[in-house]
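Participant: coords please:
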Amino acid sequence: MSQQVHTSSREAPGLCRRTFLQMAGAMALGAGATLALPRRAPAALRGTKLHHLQWSSFVAPADDEMRRMARDFQKATGVEVTIETINMNDLQARISTAIESGTGPDVVQMFWNWPQLYGPNLVDVDDLAEEISRRDGAYYAQLVDSCKVGGRWKAVPFCFVGNAIVYREDLFQQAGITRFPDTWDAYLEAGRKLKAMGYPIGQAFGHSLGDPPSFAYPLLWSYGGKEVDASGKVVLNSKETLEAVKFCMAFYKEALDEGGLAWDDTSNNRAYFAETISATLNGVSIYFVAKQKFPHLAKVSNHAPNPAGPAGRYHMHLTQEHAIMKYSPNVEAAKEWIRFVMQRDNFTRWMEVQEGYSLGPTPYWENIEMWEKDPKLDPYRRLAQYSRVFGYEGPPNAKAQEVFAKYIIVDMFARAIQSGDAQGAIAWAESELKKVYEA
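Facilitator: I've put the predicted structure just below:
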């Protein structure tokens, strides 16, 4: 069922003696201490200007809190940090343009395993990543697999957005369901009843970075399917994959809102607030907004992890990491800025304003006081125990990222839904995978 993921199955973070000696003077001795800032005299940094590019968060107070940190950092160091926020689906185009031109933001927020894709253009940040890990514990495996390229940290793990199922307890109870279904088969049965009541389950299958792949990959894994084996050989065309695809076809027709083929990451949020669906896979952003604008919905909403399939229960969370671009003339200031963001007091405040939407990169953050304030958030607290990264069980390299970026796994399910031909959709996806993995 669940797997322990506090260290990577592929490569565990460690410290060499030289790095340890470099860190020793700045590391706090007590378990609860924070990192010293700044690590060099402010005069050495004063006057530097940093450009930090990141997504526009689905929970707006998170962006406000980053700007608060930027103001405090400038007061402490004299370094001016400009926070630029853009749509998450536009980030990769901006990164590519910056790399081609050799100019642009100093610090870039990345998602998933983008560091695997852009590694040669990123500064090695082993010292900083390992420093934080020594303080807060080993990073979750999905973040290690995303950020570590060829044994080097190419980005500093920042957080992940946990995806769980937000559902209407009142509607489930009206359907005679008193406990959230534990398996996909039971969820399908519940979905049939809910759809017959006029409240289907919502799920996006469009080309969007968050919800569609966060559903498709874990569903595949939960039936035992996978893209490639440990050697990188394409093994998608299997009876396990066929069972996953057949289930999805039935789930779509019998339990889901059938507009989902065109949905992106915002569509299910809007449908939930419009009260046209009974449940959907999402971050805590729906509940966060509901508490502010739709309190009657928040009152009857709750959360649950993904159902389990024959091979177990899995999630694939949206990881976020901070990378420093090689063209930047301000590498040391950029490291100090990332270090400042990851200080426990700063990062705790950043997590708290989001009320569970963004989760910490190590198990240390599972135990902060925030989680005790609202029991409905508890399912998000330890979701990392079910986490895998796309490309499983092969290496999390640029090829796995290319498959992800082309939405091949998402489209496999979507094609099967549209055509009614499960085997044909799998054969298409297998062919597309081979173009990437065997090129």
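
Participant: can you pull the contacts of A62?
Facilitator: 350, 353-354, 357-358 (CB atoms under 8 Å, 6 or more residues apart in numbering). (C-beta placed from N, C-alpha, C; glycine too.)

Participant: Nearest to D264 among these?
Facilitator: For the contacts of A62, the closest approach to D264 (CB to CB) belongs to Y357, at 18.1 Å.

Participant: Isn't the closest one up against V289?
Facilitator: No. Under the criterion of CB atoms under 8 Å, Y357 is not in contact with V289, lying 10.2 Å apart.

Participant: sorry, back to before: scan the contacts of A62 and report the most crowded one.
Facilitator: Top of the contacts of A62 by neighbour number is S358, holding 27 neighbours under the definition other CB atoms under 10 Å.

Participant: From D145, how far out is that residue?
Facilitator: Here the criterion is CB to CB, to the nearest Å. By it, S358 lies 19 Å from D145.

Participant: Are we agreed that T319 is in a strand?
Facilitator: Yes. The assignment for T319 by DSSP: H, G, I helix; E, B strand; the rest coil puts it in a strand.

Participant: My read is that it contacts Y139, right?
Facilitator: No. T319 is not in contact with Y139 according to CB under 8 Å; the separation is 10.0 Å.

Participant: which element is I177 on?
Facilitator: Per DSSP states H and E, I177 falls between elements, in no helix or strand.

Participant: what's the nearest residue to it once chain neighbours are set aside sitting at in phi/psi?
Facilitator: Distance criterion CB to CB, 6 or more residues apart in numbering; nearest residue to I177, sequence neighbours excluded, is A190 at 5.1 Å. The phi/psi pair for A190 (degrees, to the nearest 10) reads phi -60, psi -40.

Participant: roughly how far apart are A190 and P181?
Facilitator: 5 Å.

Participant: Of those two, which one has the most company?
Facilitator: Counted by other CB under 10 Å, A190 and P181 do not tie: A190 has more neighbours, with 24 against 20.

Participant: G176 is in contact with the more buried one, correct?
Facilitator: No. The criterion here is CB under 8 Å, and A190 misses it with G176 at 9.1 Å.

Participant: residue ranges with poor pLDDT in this protein?
Facilitator: The chain contains residues with pLDDT under 70 at 1-43.

Participant: How is it divided into domains?
Facilitator: Here the domain parsing of the chain from automatic domain parsing is 17-162+317-378, 164-315+406-437.

Participant: export those domains to CSV and tack on distance to Y386?
Facilitator: Formatted as CSV, the domains of the chain follow (distance: least, CB to CB, whole Å):
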stretch, distance to Y386
domain 17-162+317-378, 9
domain 164-315+406-437, 4
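
Participant: for the ones you listed, which one sits closest to P396?
Facilitator: Smallest distance to P396 across the domains of the chain (CB to CB): 4.1 Å, for domain 17-162+317-378.
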